[in-house]
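# model this:
(2 chains)
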Protein chains: 2
Amino acid sequence: MSSSVFADSIHPISSVSELASCFTCDYGKASKIDAFGFLSALAERPSLPRKKGAVILVTADTPLLASRGEGKTTATLALVDALRARGVDATAVLRQPSMGITAAGSKGGASGGGKSSLKQAQLADWGLFGEMARIETAQNLIVSRAERALEEGELDEVLLPRVSEIPSKALRHIAVATGVKGTVGADVETGVAETCVLTPTCELMQILVLSHSREDALERIGRMVVGAKQGAAILARDVVDPERVLTALGDAFNPTILETLNGSPIYMHCGPFANVSLGIPSLSSIEIARALHDVVIVEAGYGADAGAEKYLDVAVRRHGAPMPSAAVVVTRATTWLGDGELRWRFPFNINRLEKDGIPCMPLVNLWDGEDDRVPTLRAASQELDLREPIVGNLFRDGSESLIPQLDGLLDLLNRDEVPSTLSTRDDVPLLKRLALLIADSYGVPTERIIERKSFRPSLEQACALAADAGIDWNELAINAIKSPATITDDDRLPQDQRTVTLKKATLHAGAGLLCVNLTTSLTTSMPKIV
Amino acid sequence: MSSSVFADSIHPISSVSELASCFTCDYGKASKIDAFGFLSALAERPSLPRKKGAVILVTADTPLLASRGEGKTTATLALVDALRARGVDATAVLRQPSMGITAAGSKGGASGGGKSSLKQAQLADWGLFGEMARIETAQNLIVSRAERALEEGELDEVLLPRVSEIPSKALRHIAVATGVKGTVGADVETGVAETCVLTPTCELMQILVLSHSREDALERIGRMVVGAKQGAAILARDVVDPERVLTALGDAFNPTILETLNGSPIYMHCGPFANVSLGIPSLSSIEIARALHDVVIVEAGYGADAGAEKYLDVAVRRHGAPMPSAAVVVTRATTWLGDGELRWRFPFNINRLEKDGIPCMPLVNLWDGEDDRVPTLRAASQELDLREPIVGNLFRDGSESLIPQLDGLLDLLNRDEVPSTLSTRDDVPLLKRLALLIADSYGVPTERIIERKSFRPSLEQACALAADAGIDWNELAINAIKSPATITDDDRLPQDQRTVTLKKATLHAGAGLLCVNLTTSLTTSMPKIV
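Residues are numbered from 1 along each chain as shown, chains lettered A, B, ... in the order given. Okay, here's the model as predicted:
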């Protein structure tokens, strides 16, 4: 990538796109942009005209089955193509698919589908330019150093998990540095117990999503908690030079610029798995896209109760990310209406966003053979007093069916009624903020929040580790961990009986997150796909 | 990369370089070439003129310290630049440095040094385009599947090791799927014992080095031994579709085309770590370079007793790789002459290659402050009846000091005395071939080969697994595993007392290798750098 030093005096930079091109490198199949380089060059030129793209959040209904997508990426790509066909300078920012999940054979990638696909779908589904792999190497480097420190007595437990891109049930609980009786396959003596999480869900990935500069990233890497000695936190900077970790991350900080089949520009960077991690693309990629385009569609999944919650509570409230001017909530006819007991979820997810002042456009993505359901869907929408939904078979028809349906969405973008931001809730204590999150996003009031016995001790440990890491407890954002397919402990109960259970809290000091395991559904950051 | 289907009838391909360009993709910082695509397109056009580059093997003296290089890569790059300055169309084929070793902080990379460096040194040292990472993901995918098969009772031990790019002592012996008493850090109950090896040394990497086509690679991946059930081999193709593994490997099969600081073309692909693995670049990259250039320098390290032995015994004898027209054996003044008891090794390594008919040029790579040692070095060379050595400070002076010293090397290339190949030794039983290897490359006769008790049982297990995998035992090549810093059990003993100890044999059915641990020095495929 280019250096941030320019001879502006010789060749003055006259436009933001010219500035961006100085930080863009063609990688053959796609380009990458030096995120921090471009953003700091932009900050150094306050008088250079730039855009301030309006954000449309594309999120979804709570899925019945997490593995069969509602089609957020497909809808996002179709919307960009349709908006551009209507003369709007639109782009989208996508999360990078998890190659490990695809390689393990569970899912066909996350690069859209049919006519609403990425031109470089194979590249996107199979690891782009090695970004995830670099994150894996870099986090495992830190853990290796912690293991050595353990051997040398500098710490007595390793807390930072190892990471693996391949989802392997066998890696959920591992032991390293084991003695082995006889040959491999024999009984294992005591070793150091560790956990292993899926690479895209790890803390270093969260740091990539949230960092706004090189210095910020270095500081965050350095303060990751890697282990403890007699209960006191040992930080990454105690065992490894953060600069070395940053070098190992290489280009992973730089968003990739792809295209739809129709040639619309698409950014892809970081962050899938809203169930256990953030589920949103990097804030730097959103910032870059906004400087260069009028409308930026940001994908946040799984459902609105996961990715959208995190976009609002973590990105907007805690990191100053732009408030969405509108949201598109994608569902399937079957997801919305197929199970009577769960039919409340689609309007709930929409109203949850509307309550924060974000106008929501329902979008029903049809499967083949569902064209005759359009009248039923429109009637259901009207009955619930939702906005007139966008309906289409986006896999089969691409953006074509959307182009004439965009008036409503374009109207929303031109309204001034959306609040410019959400309260930071800086003055609200952390646990109270958690209760507000549960009330806002899951519809469960404080009196129906249940605490498992294990919750308070884990919270106290997290609190003590945060103090050791020099972190202001109340500055942490909350990363809710829960199954993507359920909002509450049991979504089939009547509204006034639904509960949410607090199970465990874990600190991600580097990412500035308190991760809280919620609901009684099993959730793990290492899915058991193989 | 381009498809192998061309409209030759419309735009006839008139040169091998034009054909190569159809399979080359610019990745911005460097290019990659679709190895199997180009090689099969070349095979389909027997009448298209192509070069048949002469191979110069660059190898080294046995190092005193493996971590402080003799400067093979530096010498290789200086030689290419110097040859091109003399009007020779020369290139080199390098092995990819291990990013994990660099990231762990043990070594500064392997991309040359000073004036004899790669233009894209940072790219080369820090993971190119993610090739190693893809190999790691792909081998770990196979192991994950084996672990699942174990859980389902389809096998009762996992034999294929997990891999990690970061060299971590704690990963040498691990246990997966452990039960954990209480919290992390508590005692570990029984789990599945496994090992973990450094990514560049793994069997999948060896398959990349040796495969000559896509079909060959698929077949090799499929027959990797992943585990056993009641002693009978379970193969990779029993637990995973080899096509899926190949897809996960992506571009890892494709060599990268880099440049020296002076703009000479350099290929880089696969294979460091001759101590535990092959230590040579991929055979496909050598074949590509030979079709396009008159002289191809192939780097094989560590010393001649490691990488060069493997180039000759594995690549030439078993895989039909081209016989080197000459070898350059690199040393330091201190490595050669610094330790009186080990002074025999440099001439031994040279004479070992000469005995196979390969004319050897000694090259002494000076450190700063050693310029006054040139007369001593030349005298020592003369006394030993070696060829007049090339001497220079290649870091400081680059190719400049070499240009006037190349007459001897160029003369060697023009001689017809080198045998066109070495015997395949097809009719020699495997253990006899091992004895010949030890005699040829380490100077130890059969009667001084010692067998540890554990050797025969491990050999028998390997033999049984090979039979299960449908492999002809005598078609296996031998992969010698030993410390890079010693040739025999104790190099300080007089010549007629030196021994070699056979410790353990392991089968790599996919790579077609019997890996044999030799000498009493500790050698491991997971160095304890962190």
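
# For chain A, which residue occupies the most central location?
Nearest to the geometric centre of chain A sits residue A:279, at 1.9 Å (CA atoms, centre = their mean).

# pretty sure residue A:423 is touching residue A:317, no?
Yes - Residue A:423 lies in contact with residue A:317 (CB atoms under 8 Å); the separation is 6.9 Å. The way it works is simple: take the backbone N, C-alpha and C, and place the C-beta from them, glycine included.

# Between these two, point out the one with more neighbours.
The neighbour count for residue A:423 versus residue A:317, taken as other CB atoms under 10 Å in any protein chain shown, is higher for residue A:317 (21 against 11).

# circling back: dump the residue contacts of the residue nearest to the centre of chain A.
Under the criterion of CB atoms under 8 Å, 6 or more residues apart in numbering or on different chains, the contact list for residue A:279 reads A:95, A:271, A:272, A:273, A:300, A:301, A:302, A:306, A:307, A:310.

# What confidence value was assigned to it?
We note a pLDDT of 93 for residue A:279 in this prediction.

# Alpha carbons only: can I get stretch A:144-164 in CSV?
Listed in CSV are the C-alpha atoms of stretch A:144-164, where the atom choice follows Å, rounded to 0.1, in the frame of the first residue of the first chain:
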residue,chain,number,x,y,z
SER,A,144,2.0,-19.4,22.4
ARG,A,145,3.8,-16.7,24.2
ALA,A,146,1.4,-17.0,27.1
GLU,A,147,2.1,-20.8,27.2
ARG,A,148,5.8,-20.1,27.4
ALA,A,149,5.2,-17.6,30.2
LEU,A,150,3.2,-20.3,32.0
GLU,A,151,6.1,-22.7,31.7
GLU,A,152,8.4,-20.1,33.0
GLY,A,153,6.2,-19.4,36.0
GLU,A,154,5.2,-15.9,34.9
LEU,A,155,1.5,-16.8,34.9
ASP,A,156,-0.4,-19.8,36.3
GLU,A,157,-3.3,-20.0,33.9
VAL,A,158,-3.8,-19.2,30.2
LEU,A,159,-7.1,-17.4,29.6
LEU,A,160,-6.9,-16.4,26.0
PRO,A,161,-8.2,-19.2,23.8
ARG,A,162,-6.4,-20.6,20.8
VAL,A,163,-8.2,-20.2,17.5
SER,A,164,-9.0,-22.5,14.6
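
# just how off-centre is it within its chain?
With CA atoms, centre = their mean, to the nearest Å as the basis, the distance from the averaged C-alpha position of stretch A:144-164 to the chain average is 27 Å.

# what's the average pLDDT for it?
Taken as a whole, stretch A:144-164 carries a mean pLDDT of 93.

# can it be found next to chain B?
Yes - taking CB under 8 Å from any CB of the partner chain as the criterion, stretch A:144-164 and chain B are in contact, through A:144, A:145, A:147, A:148, A:151, A:156, A:157, A:158, A:159, A:164.

# For the residues you listed, work out which two are farthest apart.
Put simply, by CB to CB the two of the residues of stretch A:144-164 next to chain B set farthest apart are A:156 and A:164, 24.7 Å from each other.

# In terms of neighbours, single out the busier of these two.
Ranked by neighbour count (other CB under 10 Å), residue A:156 and residue A:164 place residue A:164 first, with 26 against 16.

# tell me the SS of residue A:195?
Three states are possible here, and by DSSP: H, G, I helix; E, B strand; the rest coil the one that applies to residue A:195 is strand.

# Now it: closest residue in space that isn't a chain neighbour?
The spatially closest residue to residue A:195, leaving aside those adjacent along the chain, is residue A:161, at 4.4 Å (CB to CB, 6 or more residues apart in numbering or on different chains).

# what residues are up against the one you found?
Taking CB under 8 Å, 6+ apart as the criterion, residue A:161 is in contact with A:143, A:194, A:195, A:196, A:197, A:202, A:525.

# My understanding was that the last one contacts residue A:205; is that so?
No - look at residue A:525 against residue A:205 with CB under 8 Å: they stay out of range, at 10.6 Å.

# Give me the sheet partners of the host helix or strand of residue A:391 and which way each runs.
Following DSSP states H and E, one finds residue A:391 within strand A:390-392. Partner strands and pairing direction for strand A:390-392 (DSSP bridges) are strand A:360-365 (parallel).

# so who does the closest residue to chain B within the stretch 51-200 of chain A touch?
Going by CB to the nearest CB, chain B is nearest to residue A:130 of the stretch 51-200 of chain A, at 2.4 Å. With contact taken as CB under 8 Å, 6+ apart, residue A:130 is in contact with A:251, A:252, B:127, B:129, B:130, B:133, B:134.

# how close does the fourth one get to residue B:258?
As for residue B:129, its distance to residue B:258 is 11 Å (criterion: CB to CB, to the nearest Å).

# how long is stretch A:364-383 end to end?
Length of stretch A:364-383, first residue to last, CA to CA, to the nearest Å: 16 Å.

# right, I mislabeled it, should have said stretch A:83-101
Distances were taken as CA to CA; on that basis the terminal residues of stretch A:83-101 are 31 Å apart.

# quick revisit: take the contacts of residue A:130 and keep only those in helices.
Using DSSP state H, the members of the contacts of residue A:130 that fall in helices are B:133, B:134.

# And the contacts of residue A:130, which is closest to residue A:417?
Among the contacts of residue A:130, residue A:252 lies closest to residue A:417 (CB to CB), at 38.6 Å.

# Quick one: residues contacting the residue of the stretch 401-530 of chain A found nearest chain B.
Each residue of the stretch 401-530 of chain A has a distance to chain B, by CB to the nearest CB, and the smallest belongs to residue A:530, at 4.2 Å. Contact criterion CB under 8 Å, 6+ apart gives A:104, A:105, A:166, A:167, A:168, A:169, B:141, B:144, B:145, B:147, B:148 as the residues in contact with residue A:530.

# Need phi/psi at the last one.
Backbone torsions for residue B:148, taken as degrees, to the nearest 10, come to phi -70, psi -40.

# In this structure it contacts residue A:169, no?
Yes - with contacts counted by CB under 8 Å, residue B:148 reaches residue A:169, the gap being 7.1 Å.

# Between those two, which has more neighbouring residues?
For residue B:148 versus residue A:169, neighbours defined as other CB under 10 Å are more numerous around residue B:148 (21 against 18).

# ok now do the more buried one, which residues does it touch?
A:168, A:169, A:170, A:530, B:239.

# Among those residues, which are located in helices?
Secondary structure assignment by DSSP H places residue B:239 of those in helices.

# farthest-separated two in the contacts of residue B:148?
Of all pairs drawn from the contacts of residue B:148, the one with the longest distance (CB to CB) is A:169 and B:239, at 14.3 Å.

# Would you mind giving the secondary structure of residue A:149?
The three-state label given to residue A:149 by three-state DSSP is helix.

# For the residue nearest to residue A:357 when sequence neighbours are not counted, the count of nearby residues, please.
The shortest distance from residue A:357 to any residue other than its chain neighbours is 4.6 Å, reached at residue A:419 (CB to CB, 6+ apart). In terms of burial, residue A:419 registers 10 neighbours under the definition other CB under 10 Å.

# Listing partners with orientation, what would you give for the top strand by length along chain A?
Longest strand in chain A, counting residues (DSSP state E): strand A:500-508. Within its sheet, strand A:500-508 is paired with strand A:449-451 (parallel), strand A:513-518 (antiparallel), according to DSSP bridges.

# Put together CSV for those, with mean neighbour count and mean pLDDT on each row.
What follows is those, written out as CSV (neighbours: other CB atoms under 10 Å in any protein chain shown; pLDDT from 0 to 100):
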stretch, mean neighbour count, mean pLDDT
strand A:449-451, 14, 97
strand A:513-518, 24, 96
